[in-house]
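*Asks:* Structure for this input, please:
(one chain, ligands or ions: 2)
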Amino acid sequence: MEDVIPIIDLDKLGLQTAKFEDIDQTVVHRVSKELDSAFSTVGFVYLKNHGVDQQLVDNLFQRSKSFFHLPESVKETYRCGVDNCDGYTGRDGEILDTSARHEIRESYDVASPNGLYPDEHAPEFRQAINDLAPPMCELTFRLLSCMALALGLDKNFFGDRHSYMFKAAEKNRTIFRTLYYPSLADTDTLAGVVRCGLHSDYGTITLLFQDDMGGLEILSQGKWFPAKPIPGTIMINLGDMMQFWTSDRYVATVHRVVVPEEEIRRRTPRQSIAFFVHPDNDVMIAPLDGSGKHQPVDALSYVKSRLIASSYK
Ligand SMILES: O=C(O)CCC(=O)C(=O)O
Ligand SMILES: [Fe+2]
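*Replies:* Numbering: from 1, shown residues only. Ligands and ions are numbered 1, 2, ... in the order given. Modelled structure (predicted):
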């Protein structure tokens, strides 16, 4: 199958260059253009040479697995809701595609270093998140600067509107989510059962790590394409709020995670880690070009409306 998702080499824009100010402007310019082109067409990109330490990523995959292997009754004590944005969501706890009968997925969300962590039952989970969060935030700020430049804005335009990213849930709904798709029984292969129903993400951008199982697909120009895992890369996709902000110049592409056809892959659990970047709660999202293409909405009201629509329990 043809590869529709471009790979962008961050080169010196990766975290191996300590300070954003020291980065070669030709690299910033190239990456801005490449992000602009990807976000205005397919809505997804792979980043290579991003500089996020793979050991920190592997560690979070491992610590997450320890949590998800706990008994359901223990995991349920950390249950998440629309208002308390930290915690666990079990199978069918969130239905992203209302035509799906079941979405067989588990997740654990945290919105800040001080949120609800399963310290008693998975003591190393908190540290694993909090080791990976700072590089994720720094990389995000660099990407937001490139996106602002590509749109002819001040380079700090988006960064200034994400100032509480992963700092305080009452001020910003950026979510670090670790996902676990359990082994599926034969009865789970019936029509209408998916690992993750089709949806677009709600925020500005999403940074995603996936294991090597595959199953993520994106809908582009009316066709589904696999977004296969490429080791060492981070997948970035655009969310609805950025689509509104840019008056649909950038597209929040619909995606899903399907149940694998091969039995061996169906029986194998899948894991991924998503960093859902959201603007500060009180930021009004209104088309930057002044067009009336979308109704202005504040970031918090928007995310809450989407959580309610996904019958988040
Ligand atoms: O698990 C994945 O690969 C993607 C999950 C996803 O799209 C989401 O949680 O928004
Ligand atoms: Fe998604």
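*Asks:* drop to CA atoms for contacts and neighbour counts, all remaining ones
*Replies:* OK.
*Asks:* Could you list the buried residues of the lengthiest helix in the chain?
*Replies:* Longest helix of the chain, by residue count under DSSP state H: helix 125-150. Under the neighbour-count criterion of 16 or more other Cα atoms under 10 Å, helix 125-150 has 125-133, 135-150 buried.
*Asks:* give me phi/psi at the residue in the stretch 101-250 of the chain that ligand 1 sits nearest to?
*Replies:* Evaluated by Cα to the nearest ligand atom, the stretch 101-250 of the chain has Leu216 as its residue closest to ligand 1, separated by 5.2 Å. Recorded main-chain torsions at Leu216 are phi -70, psi 130, according to degrees, to the nearest 10.
*Asks:* give me the number of residues near it?
*Replies:* Using other Cα atoms under 10 Å, Leu216 has 19 other residues around it.
*Asks:* so what's it bridging to?
*Replies:* Here Leu216 sits in beta bridges with Val257, going by DSSP bridges.
*Asks:* So it versus Gly239, what's the distance?
*Replies:* 16 Å (Cα to Cα, to the nearest Å).
*Asks:* Please list all residues in contact with the closest residue to Pro279 other than its chain neighbours.
*Replies:* Nearest residue to Pro279, sequence neighbours excluded (Cα to Cα, 6 or more residues apart in numbering): His162, at 4.7 Å. His162 sits next to Asn172, His278, Pro279, Asp280 when contact means Cα atoms under 8 Å, 6 or more residues apart in numbering.
*Asks:* from memory the second one sits against Asp201, does it?
*Replies:* It stands for His278. No: with contact defined as Cα atoms under 8 Å, His278 and Asp201 do not form a contacting pair (10.2 Å).
*Asks:* Looking at those two, which is more packed in?
*Replies:* Shown here are His278 and Asp201; by other Cα under 10 Å, His278 has more neighbours (27 against 22).
*Asks:* Helix, strand or coil: sort out the residue nearest in space to the middle of the chain for me.
*Replies:* With distances taken as Cα atoms, centre = their mean, the chain has Thr206 as the residue nearest its mean C-alpha position (3.3 Å). Taking DSSP: H, G, I helix; E, B strand; the rest coil as the rule, one finds Thr206 in the strand state.
*Asks:* Could you do Gln295 as well?
*Replies:* On the three-state scheme (three-state DSSP), Gln295 is labelled coil.
*Asks:* in this protein, which spans are helices?
*Replies:* In the chain, the segments counted as helices under DSSP H are 25-39, 54-68, 72-75, 125-150, 157-160, 240-245, 263-267, 299-309.
*Asks:* Ok, which of those helices comes nearest Asn114?
*Replies:* helix 125-150 (9.2 Å; Cα to Cα).
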